[in-house]
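Colleague: Below are the sequence and a predicted model; questions follow.
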There are 2 protein chains.
Amino acid sequence: MIRVGIMGYGNLGRGVECALSKTKDMELVGIFSRRDPASITPHDANTPVYTMEAAIEMKDRIDVMILCGGSAKDLPEQTKEFAKYFNVVDSFDTHAKIPEHFANVDNSAKANNKIAVISAGWDPGMFSLNRLYASAILTSGNSYTFWGKGVSQGHSDAVRRIEGVKNAKQYTIPVEKALEAVRSGANPKLTTREKHTREVFVVAQDGADQEEIKRQIVTMPNYFDEYDTTVHFIDEETFLKEHSGIPHGGFVIHSGTTGWEDEHKHVIEYRLQLDSNPEFTSSVLVAYARAAYRMNQEGMSGAKTVFDIAPSYLHPLSSEELRKQML
Amino acid sequence: MIRVGIMGYGNLGRGVECALSKTKDMELVGIFSRRDPASITPHDANTPVYTMEAAIEMKDRIDVMILCGGSAKDLPEQTKEFAKYFNVVDSFDTHAKIPEHFANVDNSAKANNKIAVISAGWDPGMFSLNRLYASAILTSGNSYTFWGKGVSQGHSDAVRRIEGVKNAKQYTIPVEKALEAVRSGANPKLTTREKHTREVFVVAQDGADQEEIKRQIVTMPNYFDEYDTTVHFIDEETFLKEHSGIPHGGFVIHSGTTGWEDEHKHVIEYRLQLDSNPEFTSSVLVAYARAAYRMNQEGMSGAKTVFDIAPSYLHPLSSEELRKQML
């Protein structure tokens, strides 16, 4: 059994707890949090909860620590720190800062003979893998990434900060016409506005000026001004009933050509439709935790991304079984 | 530059020749064939053509030999033999015999410190990868593979053997209703007939009995009797104009659940639409040839499949560039 710890018990940590319960080769040793352990109730009441500080003392009882904190503040500190004591996996998703994060974590993991998988999830993660595989095969071609239909937490938060807004949820939606143009192999140049639309559901406070709220949303710089945005005002009951989920997903579509005259078109399309964004990400983290453990058992160390990890390390089946059943 | 040889100059070998011409880090050293070299005209007249026997003497001038022969007779002999002298890549696609082929090739490659990538292509190959990744992440779920719309060479050949048939092409077509059922996450049990239909275009010889040809096709055991098959008789001109290509493709769709009550559904879909089946396979072989060379440079040896190869080995960009541009 691979002994796993969970650092951080938000949506992602809870998803990892659930995903671990469905494996046969991994067991949850404990949950670690910056909050008071007494304030945390794991799904299984028998799962021990510890302070973050207690983790280091348990370094010999945990094979992989799955880091479930946020990319803004938690992971830049935690991943490099805990990679000194554990194999670790994180879902660091600030694309622009990945090279810096990788370098910091790599130093720490290598110096301590640990594996540290960073940026596992679906984007970065499975979408990245599909961009890489497709462009390695069809070198004459272009990759397009579309997100949605799904909830953007950052955009929902931004709307909630507007005066008069009680609650809000923002959906990012790929434009069907753009998807079709890409699938046709036409290699279109697409502006931000042509790729995605945004749809916002708002619960306004009593007496709030809805026109003013709408104006502030659609003109908000960086978040909405470059998009066609639709705003709906709904009552709280409808909001809770129809917009409580955290669905997401999207498409990576790569079109390219082969042949001496580039006469043959090919389209590679990868699509995710996820009822729960955090639970899917958690499932990816658990599979990469298995990989981290196995790679470390083979003597490897250092920071790794999904690009550096052979697929077979992720799967509970042996290489022989995989060849027989899935190749 | 990675120095590459092509063994076998059919559709696949010609596709590899073209795909290599589009790389910047690989060069074609020569084409090898069982046929008389004088009978072979490469696309680039400067490319030397050698007999198969001449290959071994050139072992120090070639880093990777791409084996473009057939799975029935060529590869079971060639891959294990040439893995003694070269890093090799093949597209061995007889699924049931992969474990045996792997074992034979592994012995030979390990004994000679070479990398031998077997079964690279799209199925086995990219489809296999998608089955593995999806089932490693969504462990509570099922993978479905659909092929087409595309040309099945074996079925086309079988029709051509019927008396009175001058030429024929068979298309395998996924049933849209089955695709939709799988995408819905319903985890349907699908019979052979429910998953695919078959469509045959036949050029009959003058005076041939079309009803009898049709009867023989739709009742043909193993090939057609378990499918709903449509047969069209067309003239030779139409056949050459509309059915000369070798398109193919298909879908790997995995649906699974997360959550303590399996309350969240997720669908992962991978789709290929290929104008030229052999040219796409050739492009996969070239990417894995790059991987074979790099892994061998790092001291690795033995038989490998797409499951055993970290994605970054396939791509001409460095790991740093990949992290920056694609993660």
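Modeller: Here it is on my side, so go on.

Colleague: What residues does the residue nearest the centre of chain A make contact with?
Modeller: For chain A, the residue lying nearest the average C-alpha position, counting by CA atoms, centre = their mean, turns out to be A:Gly121 (3.7 Å). A:Gly121 is in contact with A:Ser91, A:Asp93, A:Thr281, A:Val284, A:Leu285, counting by CB atoms under 8 Å, 6 or more residues apart in numbering or on different chains. For glycine as for every other residue, the C-beta is placed from the backbone atoms N, C-alpha and C.

Colleague: now swap in A:Trp122 and tell me
Modeller: Contacts were defined as CB under 8 Å, 6+ apart; by that measure A:Trp122 touches A:Leu272, A:Leu274, A:Phe280, A:Thr281, A:Val284.

Colleague: give me the beta-bridge partners of the second one?
Modeller: I take that to be A:Leu274. The residues paired with A:Leu274 through beta bridges, assigned by DSSP bridges, are A:His248, B:His266.

Colleague: Could you give the residue of the stretch 51-200 of chain A that lies closest to chain B?
Modeller: When scored by CB to the nearest CB, the stretch 51-200 of chain A has A:Ala136 as its residue closest to chain B, at 4.0 Å.

Colleague: Just the pLDDT for that residue.
Modeller: At A:Ala136, the pLDDT value in this model is 98.

Colleague: As JSON lines, the contacts of A:Trp122 with pLDDT and neighbour count would be great.
Modeller: Formatted as JSON lines, the entries for those read as follows, by pLDDT from 0 to 100; neighbours: other CB atoms under 10 Å in any protein chain shown:
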{"residue": "A:Leu272", "pLDDT": "98", "neighbour count": "23"}
{"residue": "A:Leu274", "pLDDT": "98", "neighbour count": "24"}
{"residue": "A:Phe280", "pLDDT": "98", "neighbour count": "30"}
{"residue": "A:Thr281", "pLDDT": "98", "neighbour count": "27"}
{"residue": "A:Val284", "pLDDT": "98", "neighbour count": "24"}
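
Colleague: List the ones among those residues that fall in helices.
Modeller: Of the positions in those, A:Phe280, A:Thr281, A:Val284 sit in helices, assigned by DSSP state H.

Colleague: so where do the helices sit in chain A?
Modeller: In chain A, helices defined by DSSP H lie at A:11-21, A:74-82, A:98-111, A:126-137, A:153-160, A:176-183, A:192-195, A:210-218, A:236-242, A:277-297, A:319-325, listed in chain order.

Colleague: As CSV, the ones you listed with distance to B:Gly302 would be great.
Modeller: Formatted as CSV, the entries for those read as follows, by distance: least, CB to CB, whole Å:
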stretch, distance to B:Gly302
helix A:11-21, 32
helix A:74-82, 33
helix A:98-111, 26
helix A:126-137, 22
helix A:153-160, 45
helix A:176-183, 39
helix A:192-195, 44
helix A:210-218, 58
helix A:236-242, 54
helix A:277-297, 17
helix A:319-325, 11
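
Colleague: of the ones you listed, which approaches B:Ser255 most closely?
Modeller: Among the helices of chain A, the nearest to B:Ser255 by CB to CB is helix A:277-297 (12.3 Å).

Colleague: Just confirm yes or no for that closest one near chain B.
Modeller: Yes. Applying CB under 8 Å from any CB of the partner chain, one finds helix A:277-297 touching chain B at A:Glu279, A:Phe280, A:Ser282, A:Ser283, A:Val284, A:Ala287, A:Arg290.

Colleague: what's the angle between that helix and helix A:153-160?
Modeller: Between the direction of helix A:277-297 and that of helix A:153-160, the angle (axes from the mean of the first three to the mean of the last three CA atoms, to 10 degrees) works out to 140 degrees.

Colleague: Near chain B, which residues of the stretch 151-300 of chain A are found?
Modeller: Looking at chain B, the residues of the stretch 151-300 of chain A close enough under CB under 8 Å from any CB are A:183, A:258-260, A:263-276, A:279-280, A:282-284, A:287, A:290.

Colleague: What's the ChimeraX syntax to select whichever of these are buried?
Modeller: With 16 or more other CB atoms under 10 Å in any protein chain shown as the criterion, this ChimeraX line picks the buried residues out of those:
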select /A:183,258,259,264,265,266,267,268,269,270,271,272,273,274,275,276,279,280,282,283,284,287,290
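
Colleague: Can you read off the pLDDT for A:Ser140?
Modeller: pLDDT, A:Ser140: 89.

Colleague: Phi, psi for it please.
Modeller: Backbone dihedrals for A:Ser140, given as degrees, to the nearest 10, come out at phi -90, psi 90.

Colleague: With A:Pro247 instead?
Modeller: Backbone dihedrals for A:Pro247, given as degrees, to the nearest 10, come out at phi -70, psi 160.

Colleague: In this structure it contacts A:Ser276, no?
Modeller: Yes. Under the criterion of CB atoms under 8 Å, A:Pro247 makes contact with A:Ser276 at 7.0 Å.

Colleague: any idea how far A:Ser71 is from A:Phe32?
Modeller: Counting by CB to CB, to the nearest Å, the separation of A:Phe32 from A:Ser71 is 18 Å.

Colleague: what about these two, which has more around it?
Modeller: For the pair A:Phe32 and A:Ser71, the greater number of neighbours falls to A:Phe32 (27 against 18), based on other CB atoms under 10 Å in any protein chain shown.

Colleague: For the more buried one, give the beta-bridge partners.
Modeller: Under the criterion used (DSSP bridges), A:Phe32 bridges to A:Met7, A:Tyr50.

Colleague: So for A:Gly185, what's the pLDDT?
Modeller: Confidence at A:Gly185, expressed as pLDDT, is 89.

Colleague: wait, what's in contact with it?
Modeller: Under the criterion of CB under 8 Å, 6+ apart, the contact partners of A:Gly185 comprise A:Ser255, A:Thr257, A:Lys265, A:His266, A:Val267.

Colleague: picking that back up, redo the ones in helices among the contacts of A:Trp122 as a markdown table? Include distance to A:Phe307.
Modeller: Putting the ones in helices among the contacts of A:Trp122 into a markdown table (distance: CB to CB, whole Å) gives the following:
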| residue | distance to A:Phe307 |
| --- | --- |
| A:Phe280 | 20 |
| A:Thr281 | 18 |
| A:Val284 | 14 |
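
Colleague: Out of those residues, which comes closest to A:Asp225?
Modeller: Checking the ones in helices among the contacts of A:Trp122 one by one against A:Asp225 (CB to CB), the nearest turns out to be A:Thr281, at 28.7 Å.

Colleague: Would you quantify the distance from the closest one to A:Val49?
Modeller: Plainly put, A:Thr281 is 22 Å away from A:Val49 if you go by CB to CB.

Colleague: try A:Gly245
Modeller: Between A:Gly245 and A:Val49 the computed distance is 27 Å (CB to CB).

Colleague: higher neighbour count, these two?
Modeller: When neighbours are counted by other CB under 10 Å, A:Val49 comes out ahead of the other of A:Gly245 and A:Val49, with 19 against 15.

Colleague: So that one versus A:Pro278, what's the distance?
Modeller: From A:Val49 over to A:Pro278 the distance is 19 Å, taken as CB to CB.

Colleague: The residue lying closest to A:Lys149 once chain neighbours are set aside pairs with what?
Modeller: Spatial nearest neighbour of A:Lys149, chain neighbours left out: A:Ile173 (4.9 Å); criterion: CB to CB, 6 or more residues apart in numbering or on different chains. Beta-bridge pairing of A:Ile173 under DSSP bridges involves A:Thr197.

Colleague: didn't A:Ile173 look like it was pressed against A:Val200?
Modeller: No. Using CB under 8 Å, A:Ile173 and A:Val200 do not qualify as a contacting pair, with a distance of 11.1 Å.

Colleague: which of these two has more neighbours?
Modeller: Using other CB under 10 Å as the criterion, A:Ile173 and A:Val200 rank with A:Val200 on top: 24 against 17.

Colleague: Now do the contacts for the residue nearest to A:Lys149.
Modeller: Residues in contact with A:Ile173 (CB under 8 Å, 6+ apart) are A:Gly148, A:Lys149, A:His196, A:Thr197, A:Arg198, A:Glu199.

Colleague: All set, thanks.
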